[in-house]
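Participant: any chance you could fold what I've pasted below:
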Amino acid sequence: MMKHKIYGSLLMLLVVFIFSCEKVIDINLNDAEKKYVVEAVLTDELGSAQVLISQTKNFSDDNQFAAVSNAMVTISDNDGNTHVLAESSAGIYKSADITGESGKKYTLKVEVDGNVFTASSTMPAKVNMDTLYVADEFIFGEVRKLATVEFKDPTGLGQNYRFVLYVNGAKRKGVYIRNDEYTDGNLTSIRLFSGGDDDNDKGIKAGDVVRADMLCIDEATYKYWYSFGTSGATGGSNTASPANPVTNMQGGALGYFSAHTVQAKTVVAQ
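Facilitator: Numbering: from 1, shown residues only. Coordinates of the predicted model:
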């Protein structure tokens with residue numbers, strides 16, 4: 001009986017000691033130097049040229065788009081043509097008179113607050129998207145509807161692809177990319193998984209309108225999206241801390257410039 005009393009007393013003393021040693025630790029999240037972010041695209045569709053310019057924010061700031069206005073933005077091609085992009089709304093610059101062409105090299109130039117950022121991208125040849133369909137598949141112990149894109153990869157290494165998925169007009173956050181390292185010259189199927197933790201709608205349902213855009217991108221753009229998907233920038237990687245994706249921007253800005261072809265197909269999920 002005495003032993004039980006001793007053990008009980010020791011236990012109480014240990015609990016008191018642990019709670020008395022509790023200490024509140026304040027983590028000082030220092031403000032990082034703000035960087036410019038340039039997200040620029042040019043496609044083979046008329047009026048598609050668009051450049052978004054913003055600045056990074058501190059950890060404690062809100063997630064609103066930190067638009068940067070009054071920039072001088074131009075896109076030039078290797079034939080010597082230069083187009084000026086006008087600011088259509090805060091931080092968004094557009095041009096309605098540029099249509100990208102496969103095989104041409106395009107150079108973006110952004111001048112803002114004494115800084116100059118440049119990037120180049122060569123538009124690849126268009127690869128045709130043959131089919132888009134939605135089918136039931138058994139995944140992780142449940143039946144789910146998945147969108148699948150099929151296309152014939154041309155013979156010869158060097159093709160890079162990105163796919164963008166929309167369900168009922170809402171863009172899904174997944175990063176869907178592929179190159180032809182293991183599928184050169186073959187009929188290729190890409191399943192676009194939907195319904196991750198970052199998606200408001202957990203998957204595709206019967207009656208949903210599903211659209212997929214197939215982008216033929218250059219190698220630099222592929223590297224950007226590959227690093228974006230694996231760096232923790234999407235919030236879904238297993239990295240210890242997020243890192244900035246690989247960029248083709250010169251001059252110290254984050255982001256990318258992509259000259260690419262685009263093709264879209266739409267189906268209704270059954």
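
Participant: after the lowest-mean-pLDDT helix or strand in the chain comes which helix or strand?
Facilitator: Every helix and strand of the chain was ranked by mean pLDDT, DSSP states H and E. The lowest is helix 2-20, at a mean of 44. Next helix or strand after helix 2-20 toward the C-terminus (DSSP states H and E): strand 36-43.

Participant: and the pLDDT at residue 116?
Facilitator: You'll see residue 116 listed with a pLDDT of 98.

Participant: tell me the domain boundaries of the protein?
Facilitator: The chain breaks down into these domains under automatic domain parsing: 36-122, 129-241.

Participant: kindly reformat the ones you listed as TSV containing mean neighbour count.
Facilitator: Every residue, glycine included, has its C-beta placed from N, CA and C. Output for the domains of the chain, formatted as TSV (neighbours: other CB atoms under 10 Å):
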stretch	mean neighbour count
domain 36-122	16
domain 129-241	16
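
Participant: indicate which one of those is closest to residue 255.
Facilitator: Closest of the domains of the chain to residue 255 is domain 36-122, at 4.1 Å (criterion: CB to CB).

Participant: quick check, distance from that closest one to the centre of its chain.
Facilitator: 16 Å (CA atoms, centre = their mean, to the nearest Å).

Participant: distance between the ends of it?
Facilitator: Start and end residues of domain 36-122 are separated by 23 Å (CA to CA, to the nearest Å).

Participant: packing partners for the longest strand along the chain?
Facilitator: Counting by DSSP state E, the longest strand found in the chain is strand 254-268. Contact here means 3 or more CB pairs under 8 Å, 6 or more residues apart in numbering; DSSP states H and E; on that basis strand 254-268 packs against strand 36-43, strand 105-112, strand 115-122, strand 129-139, strand 209-217, helix 219-230.

Participant: same thing but 7 Å
Facilitator: When contacts are defined as 3 or more CB pairs under 7 Å, 6 or more residues apart in numbering; DSSP states H and E, strand 254-268 packs onto strand 36-43, strand 115-122, strand 129-139, strand 209-217, helix 219-230.

Participant: returning to what we had before: dump the domains of the chain to TSV, plus distance to residue 265.
Facilitator: Formatted as TSV, the domains of the chain follow (distance: least, CB to CB, whole Å):
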stretch	distance to residue 265
domain 36-122	15
domain 129-241	4
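
Participant: check those domains for me: which has the lowest mean pLDDT.
Facilitator: Ranked by mean pLDDT, the domains of the chain bottom out at domain 129-241, with a mean of 88.

Participant: look up how far residue 121 lies from the closest residue to residue 122 other than its chain neighbours.
Facilitator: Distances taken as CB to CB, 6 or more residues apart in numbering put residue 105 closest to residue 122, at 4.5 Å, once the chain neighbours are dropped. Per CB to CB, to the nearest Å, residue 105 is found 7 Å from residue 121.

Participant: repeat that for residue 270.
Facilitator: For residue 270, the distance to residue 121 equals 38 Å [CB to CB].

Participant: returning to that earlier point: make JSON lines from the helices and strands packed on strand 254-268 and add distance to residue 259 to it.
Facilitator: Converted to JSON lines, the helices and strands packed on strand 254-268 look like this (distance: least, CB to CB, whole Å):
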{"stretch": "strand 36-43", "distance to residue 259": "5"}
{"stretch": "strand 115-122", "distance to residue 259": "4"}
{"stretch": "strand 129-139", "distance to residue 259": "19"}
{"stretch": "strand 209-217", "distance to residue 259": "9"}
{"stretch": "helix 219-230", "distance to residue 259": "8"}
